[in-house]
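S.K.: Quick one: sequence and predicted model below, then my questions.
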Amino acid sequence: MSRSVLVTGGNRGIGLAIARSLADAGDKVAITYRSGEPPKELSDRGVLAVKCDITDQEQVEQAYKEVEDVHGRVEVVVANAAINRDQLLLRMTEEDFTAVLETNLTGTFRVVKRASRGMLRARNGRIVLISSVVGLSGSAGQVNYAAAKSGLVGFARSVARELASRNITCNVVAPGFVDTDMTRALGEERRAEIVGQVPLGRYAQPEEVAAVVRFLASEDAAYITGAVIPVDGGLGMGH
């Protein structure tokens, strides 16, 4: 069955892998992106790209209208868009703290709230939020990012309780360190230090995160809601 799917921040990294995976499964996929241009491969796959800054409510509303005009009501939403502004607590500005929460947590609220309207009417839907192992275990220099990613867990579990009676599930995927442009920018010494902490001894591939999202969005996961699924090579076990 071809469903209307929206992936925020789907133009690179984990979001891009998710968009590819769901499009390859036969879904009608749309992505949002804030800057730059999405890869041509997405249009070749039939993926609709909509420019949208999720910190702006009007842009979120307009993005949904564009997606609905082409693909119909959004049946699956994957809230992946996020930013980071890492700094030690005493050096972190209030603007750096609030900017990360505004995108990673409040932006997710806007996206999910808008999607839930149509899902409630249809009495069906899938919501998947992309958190992080950092939101479960913490990380020095990332109090803003960790606070936002941790907040997604409480947000998801509250949404799961509110919407479960309408056959709408809401789950969280918590990746560890993933081989993306962001982690490749780290120095070799830092990359080796990170891998040394991971029981499986390697970075995740974006496709491994996408596979879990694809499962949670499927009918096979119809009885899973309010769950936090780690894809972290064992890094955060016990949290």
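M.R.: Structure's in. What do you need?
S.K.: My read is that Gln197 contacts Gly234, right?
M.R.: No: counting by CB atoms under 8 Å, Gln197 sits too far from Gly234 to count as a contact (9.6 Å). For the C-beta atoms, the positions are set from N, CA and C on the backbone; glycine is no exception.
S.K.: and stretch 171-185, which residues are buried?
M.R.: Using 16 or more other CB atoms under 10 Å as the test for burial, stretch 171-185 gives Asn171, Val172, Val173, Ala174, Pro175, Gly176, Phe177, Val178, Asp179, Thr180.
S.K.: Then stretch 29-37?
M.R.: Val29, Ala30, Ile31, Thr32, Tyr33, Arg34.
S.K.: and the fourth one, which of the three is it?
M.R.: Okay, so that is Thr32. Three-state call for Thr32 (DSSP: H, G, I helix; E, B strand; the rest coil): strand.
S.K.: Check the residue lying closest to it once chain neighbours are set aside and give its pLDDT.
M.R.: If the residues on either side of it in the chain are set aside, Thr32 comes closest to Cys52, at 4.0 Å by CB to CB, 6 or more residues apart in numbering. Here, the pLDDT recorded for Cys52 equals 98.
S.K.: Enumerate every residue touching Cys52.
M.R.: Cys52 makes contact with Thr8, Thr32, Tyr33, Arg34, Gln59, Val60, Gln62, Ala63, according to CB atoms under 8 Å, 6 or more residues apart in numbering.
S.K.: From Val77, how far out is it?
M.R.: Per CB to CB, to the nearest Å, Cys52 is found 13 Å from Val77.
S.K.: list the residues that contact both of these two?
M.R.: Taking CB under 8 Å, 6+ apart as the contact rule, Cys52 and Val77 both touch Thr8.
S.K.: Beyond the strand or helix carrying Phe97, next helix or strand please.
M.R.: Element membership for Phe97, per DSSP states H and E: helix 94-101. Next along the chain after helix 94-101, taking DSSP H and E as the criterion, comes helix 107-122.
S.K.: State the mean pLDDT of that following helix.
M.R.: Mean predicted confidence for helix 107-122 is 98.
S.K.: these two touch, right, Gly138 and Ala146?
M.R.: Yes: counting by CB under 8 Å, Ala146 is a contact partner of Gly138 at 5.3 Å.
S.K.: From the neighbour counts alone, determine which of these two ranks first.
M.R.: In this view Gly138 and Ala146 are compared by other CB atoms under 10 Å, and Ala146 has more residues nearby, 21 against 14.
S.K.: Can you spell out which helices and strands pack onto the helix or strand hosting the more buried one?
M.R.: Secondary structure assignment for Ala146, by DSSP H and E: helix 143-163. If contacts are counted by 3 or more CB pairs under 8 Å, 6 or more residues apart in numbering; DSSP states H and E, helix 143-163 sits against helix 94-101, helix 107-122, strand 125-130, helix 133-137, strand 168-175.
S.K.: Pull the residues that contact the fourth one.
M.R.: Identification of contacts with helix 133-137 by CB under 8 Å, 6+ apart yields 142, 145-146, 148-153, 174-177, 228, 230, 232, 235-236, 239.
S.K.: switch to 10 Å and redo it
M.R.: 84, 104, 139, 142, 145-153, 172, 174-177, 198, 228, 230-239 (CB atoms under 10 Å, 6 or more residues apart in numbering).
S.K.: List the buried residues of that helix.
M.R.: Buried residues in helix 133-137 (16+ other CB under 10 Å): Val133, Val134, Gly135, Leu136, Ser137.
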